[in-house]
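Undergrad: quick one, what's the 3D model for this:
(2 chains)
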Amino acid sequence: MPDLTPNGATGGTSGGTGVEETRIVTRRLHDRVDDSWTLDGSLASGGYEVLRAVLAKGDAADVQEQVKLSGLRGRGGAGFPTAQKWSFLPPNSFPRYLVVNADEGEPSTFKDRMLLELDPHQLIEGITIASYAVQCNLAFVYVRGEFALGHERLTRAIDDARGKGFLGKNILGSGFDCEIVVHRGAGAYICGEETALLESLEGERGMPRIRPPFPAIEGLYAKPTVVNNVETLSTVPHIMQMGGEEYAKLGVNRSTGTRIFSVSGHVNKPGNYEVELGMSFRDLLYGLAGGIREDRKIKFFIPGGASSQWLTGSDEHLDAPLDMDFVQQTFGVMLGSGAVMVFDETVDPVLVAWRLAKFFAHESCGKCTPCREGTGWVEKVLYRMSQGLGRPQDLDLLVSVGSNISPGLVNAPFVQTTICPLGPSAVSCVASIDKFFRDEVLTRLSNDAGVHA
Amino acid sequence: MTTTESDAPEAPKKTTVTVTVDGITFEAQPGELLIKAAQENGVYIPRFCWHERMKPVGMCRMCLVEIEGGRGYPPACTTPVADGMVVHSQNDTVKQIQDGVLEFLLINHPLDCPVCDRGGECPLQDQTLAFGPGESRFVEEKRHFPKPIPLSELILLDRERCIQCARCIRFADEIAGDVLIDFIDRGDRMQVLNFEEQPFDSYFSGNTVQICPVGALTATQYRFRARPWDLSTAETSCTTCSVQCRGAVQSSSNRLVRLLAVDSEPVNHGWLCDKGRYGLEWIHSDNRLLEPQVRDGGTRREVSWPDALDRAADAIETAKELHGADSIAVLGGARGTNEDAYVWSVLAKGVIGTDNVDAQLGDGLPAEFVLGMERAEIADLDGASAIVLLDHDVRDEVPVLFLRLRRAMLELGVPLVDLAPVAHGLSAHAAVVSRRVPGERITAAVHDEITRVTEGRDGPVVVVVGRGNLAAGADSVVGVAADLARVHDVRFLSTLRRGNVHGALDAGLTPGFLPGRTTLDAGRDWFAERWGGVPAERGLDAEGILRAAGDGKIRVLVLLGSDPISDFPDATLARRAIDAVDTIIAVDAFESESTERADVFLPCTLWGEKAGTVSNLEGRVQRVGRKVAPEGTAMDDWRIAGELALRLGRDLDLATVDEVTDEIARVAPAFAGVTSDIVESARDGVVLPFSAHAAEIVLRTRDLTLMADDGAGVSWDPIKVEGETPAEPVDEAEVAAPADAPPLYEWDGHAAQPDPPGRDAYALRLVVGRALYDDGRLVSEVPLLQRLVGEPELRVHPSDLARIGVDSGGQVKVTSTRGSQVVAVRSDAGVPAGIACMDFSADALGAALLIDARQPVVDLRVESLR
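TA: Below you'll find the model as predicted:
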């Protein structure tokens, strides 16, 4: 697990490269390394002041409006506009629920964990403001089972917040009630998928639901439900503080504001970096993350979590901006959960593809056929290939099998024969090795021993 | 001036939506699922997980389609049709997806089709042929599991063959409410499994085998018994209980090997219970008696039919001459067909002249109530304003009715008013629960509650009424029924359980009545003219017959497929009667404690060996099919009656079973118009009286007997009998009884309900219900089912257990006016305090030795053995 200690506790400049973080959501946890997660630490650095102001103003519609103006998009992976998601809730249908997706399971992503562990009060403030905006009185936080410390700190923070009147009945005398229930998952990646998360929260087996109905109409306990990511909600107080328009000035195009990128792999300084969107991958990886170990070259990197297709160390890719729409439209990849995994030239892409495929095959919930059977098949073939037992036709076979999970094996956004995006995610690696390393792999396969050796 | 909209002629409002699938345009109901609408209009979209009687889950992905203007490939099974929708289910992209899904399903599926029960009727095989790839590109090792493993005594699971469609899991959860199987593990290791140390003991488990799209679930009863292409099929009704679920019975080499559920909309929705499904083997039991026997001296020996019939006729004739016709009695008749019952009615009432005839064995309800009550049909449950359960546990007595009740409550939101004496499978979902002490009436508060829950709801209150407690007299049930009928708009649905008991009552096998729901008095002239005579006076019911026999007044007792010692609630009374009768004539297939004492044993055919009609608890007349020839020389009951009549000097002139059906239609008023032709062609049978239901008739357009020829895989999807309404509607007048026919009896709402005796503080009042797997004849002859029979036990409320001073599981001594028993006792919070509950059993430890038919209720003294 990468080191979660905030980088360059001073200011955010890294290694004198001139590239800087833009710390908004991670400001407190950098500024108050010793107590950022405590109530005192939070209150001493402006915690809950935005909530107080929002409730004093008493205009829920204004919160929705500011979030809309901010252009905030979900930080969990899909990048759906948050205000629009909120607006799907049918009016006058109560009760309704806010569910916080803290089941951060995307391999190489570790930003929500940091926010839970180091600044839970910021999340609570965000939840309360968002609940106020969508007029919900009960929020649930589904915390990844492995996040023991995050769970402990969040639970404690909720108790502390309630003690101060930031949660519970009649918050800060406003007449608004909000309670938070924390639920700890049991270690299934699929429960990070919002409908599987809802199933799991209801006590059912974690399997995605068929949409429609969408959660906004029929979510938790068949009631209208908003599901938001930890980072998304942690951003909300800052948007309310800055004003939506001001926030939207950060970033680029429709990718407004900042995002936390979890950089891992063969960089010299792996870790979480909060940067203004629009920064280039090069600045992120070389300017902030310290470049590649032993000054090697990047062979390829995964730009947005294990589900994303890959990019390479080419200038074209490295100079691309961290812009959700740009990378999707130009390269067919996604910024996803904001996890950048870097592989240098020593790495065998087939082995990486196999390890990723193994993860998805292991985590496939089994509900729908293409994912259940396809992920296992892809994993078996890639394993064989990685062990020198490939056949010349195996790469095309993988592409074909992948196309039966994600027709055309096309780029993000996924087209899929599966219920949820886990299936297509599992074959992103197949599409990537075919796209970038086809000749290398084919040469290797022609020299391989084959399946019956 | 322009015309306002209201001036313009109103365009007829369109109530359907227009959909195009693969170029075929049709109208469909808004909200209907695309997969179903397409199928009804000739486009079969392949599927595995979707089943029209269950909620769609979109898991298997076989039915993905492309919808113009839509994104992605939605499953047709979860997509409702919308106006203007243009769908492709066979274009190149969709075909590629279908190809892909089938390839995925097959990669881990073992190719053991030659030894798989599903081979030849396998949806996976068929759909692979129709929609799938020709070869597999999978060269890795397939998934392996030990195979098969038992989920229960009845069901085996081969996890290698499973395609994870969840049909079985969903059935158990959604339809049966028995959440006993679920998925464990995930990804391609995901398996269906029961919970640890908790087998899949659902009364409905066999349905999962029928709807399994592969050979993953197999039935111990059918496994390796036949190949589907060797089976021949007859459409029939199951007569294990009075729901009479529609079925397709299949044989191979003149042995019944399988019963499949047929999906009848008004009756069983494509489900069967396991007792019905797997009980069919009883007809092939080695214990069957297949040749006539007569007693010479002390022992019985096989004789020819003429000799046996002569002996029986002689005994009847002699008794009639010496002691009068009413020295002869007939008990039973609920196991055969309507034709069997009718001809025995003719023999008893018309030829012999005795009215001492009863198809019920003291465990039912008074015929006056059953024949005369205002009836409901099963489907009325769906639209009822409320359902009142005036019964014990419908799941154990009429299992598939339980499924219909459950659906009406949980799916359709009909409130249940639970008046059963103890808690049961539906109590948790009841809107109102009121536990009566056996023998007591309902209170005004119950009426108020019924009024409250029906407020704003249309439809009648459907009262599901049965003899929930064999230890209390039927009068108390009828009393409550009368109370309900006085206050609310009620229809009754009887749950008398014996297979064709309603048919037998309708055919006149009950005292005071003649065939066709008319009374002895009202029908006297009509039937005298047609039969040549009827009994002078109303005779005795089963209890009366047994009492009279015990007093030496019954000289000849005919046991028509009945075993009073086991069947009658009060075994003491029954045993005394059997011992006292001079001559017992048994018409049966098996020896029982009662028939052991028979002087003449006449072997009869059983279900599966005979054709004819039967009537279910709605009074719906449907056909049963003859699938195998009887072994030995067993004869249909009605023929036996005809032969006896001939020997008693009357030729009934009935040569075929259809002739009997047609005579019933001519003679018995309630059956007017229900000819063999109509019963044969009516898809859903005919609910009596026909004239009141003439408008509902649907004529079949396809026969199920050719099922096997229709191609394989027919059993996994709902098996339907196709039909259409006749071009010329049936004329009600034409099928009405003739003007001079006697009127149908109507129950006057009268109930002689004596005040229940008070219960002393130390006694527990006995409630005796039925368990599905009991020690009855059918279960006893099917070893597979016999293993499911529970141990007798007494269930009491925890507080009573504490008072008695015994732990749950301990032994207690129970004493009634009939005697004492030692039984195991179990704590059960679902039993109200002051009540002791037991399943009926004629076993040495059973309730039959505690029940005293002389008392309106039975109070027990329960003592700790310490």
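Undergrad: residues contacting whatever residue of the stretch 251-400 of chain A ends up closest to chain B?
TA: Nearest residue of the stretch 251-400 of chain A to chain B: residue A:366, at 3.2 Å (Cβ to the nearest Cβ). From N, CA and C alone the C-beta is placed, and that goes for glycine too. Taking Cβ atoms under 8 Å, 6 or more residues apart in numbering or on different chains as the contact definition, residue A:366 lies against A:207, A:372, B:164, B:183, B:185, B:186, B:187, B:188, B:189, B:190.
Undergrad: checking it next. Helix, strand or coil?
TA: coil (DSSP: H, G, I helix; E, B strand; the rest coil).
Undergrad: neighbours of the nearest residue to it once chain neighbours are set aside, how many?
TA: Closest residue to residue A:366 apart from its sequence neighbours, by Cβ to Cβ, 6 or more residues apart in numbering or on different chains: residue B:190 at 3.2 Å. Other residues within reach of residue B:190, judged by other Cβ atoms under 10 Å in any protein chain shown, total 21.
Undergrad: residue B:190 contacts residue B:183, correct?
TA: Yes: with the criterion set as Cβ atoms under 8 Å, residue B:190 and residue B:183 qualify as a contacting pair; they are 5.3 Å apart.
Undergrad: which neighbours do those two share?
TA: Overlap between the contact sets of residue B:190 and residue B:183, as judged by Cβ under 8 Å, 6+ apart, is given by A:366, B:164.
Undergrad: one step back: could the contacts of residue A:366 be laid out in TSV, adding pLDDT and secondary structure?
TA: Shown next, in TSV, are the contacts of residue A:366 (pLDDT from 0 to 100; DSSP: H, G, I helix; E, B strand; the rest coil):
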residue	pLDDT	secondary structure
A:207	96	coil
A:372	97	helix
B:164	97	coil
B:183	96	strand
B:185	95	coil
B:186	94	coil
B:187	94	helix
B:188	94	helix
B:189	95	helix
B:190	96	coil
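Undergrad: residue contacts, residue 58?
TA: Since no chain was named, I'll use chain A. Residues near residue A:58 by Cβ under 8 Å, 6+ apart: residue A:174.
Undergrad: that's the wrong chain, I wanted chain B
TA: For residue B:58, the contacting residues are A:210, A:368, A:419, B:49, B:75, B:77, B:78, taking Cβ under 8 Å, 6+ apart as the criterion.
Undergrad: tell me the secondary structure at the nearest residue to the second one once chain neighbours are set aside.
TA: Leaving aside its sequence neighbours, residue A:368 sits nearest to residue A:419 (Cβ to Cβ, 6+ apart; 4.6 Å). Using three-state DSSP, the structure places residue A:419 in coil.
Undergrad: helix or strand: which one has the residue most central in space within chain B?
TA: The C-alpha lying nearest the average C-alpha coordinate of chain B belongs to residue B:243 (Cα atoms, centre = their mean; 3.1 Å). Under DSSP states H and E, no helix or strand contains residue B:243.
Undergrad: in stretch A:19-34, what's buried?
TA: Under the neighbour-count criterion of 16 or more other Cβ atoms under 10 Å in any protein chain shown, stretch A:19-34 has A:19-30, A:32 buried.
Undergrad: helices - which of these land there?
TA: Of the positions in these, A:27, A:28, A:29, A:30 sit in helices, assigned by DSSP state H.
Undergrad: distance check, the last one against chain B.
TA: Separation of residue A:30 from chain B (Cβ to the nearest Cβ, to the nearest Å): 39 Å.
Undergrad: just want the residue of the stretch 1-150 of chain A that's nearest chain B.
TA: residue A:105 (13.7 Å).
Undergrad: pull the number of nearby residues for that residue.
TA: By the other Cβ under 10 Å criterion, the neighbourhood of residue A:105 contains 23 residues.
Undergrad: hmm, residue A:193 and it touching each other?
TA: No: taking Cβ under 8 Å as the definition, residue A:105 is not a contact partner of residue A:193, at 9.5 Å.
Undergrad: and residue B:335, what's its pLDDT?
TA: Confidence per residue is given as pLDDT, and for residue B:335 that number is 94.
Undergrad: name the SS class of it, please.
TA: For residue B:335, the assignment made with three-state DSSP gives coil.
Undergrad: test my guess that it contacts residue B:559.
TA: No: in this structure, residue B:335 is not within contact of residue B:559 by Cβ under 8 Å, at 11.0 Å.
Undergrad: what residues does the stretch 201-350 of chain A put near chain B?
TA: With Cβ under 8 Å from any Cβ of the partner chain as the criterion, the stretch 201-350 of chain A meets chain B at residues A:205, A:210.
Undergrad: low-confidence ranges in the stretch 201-350 of chain A?
TA: Residues of the stretch 201-350 of chain A meeting the criterion pLDDT under 70: none.
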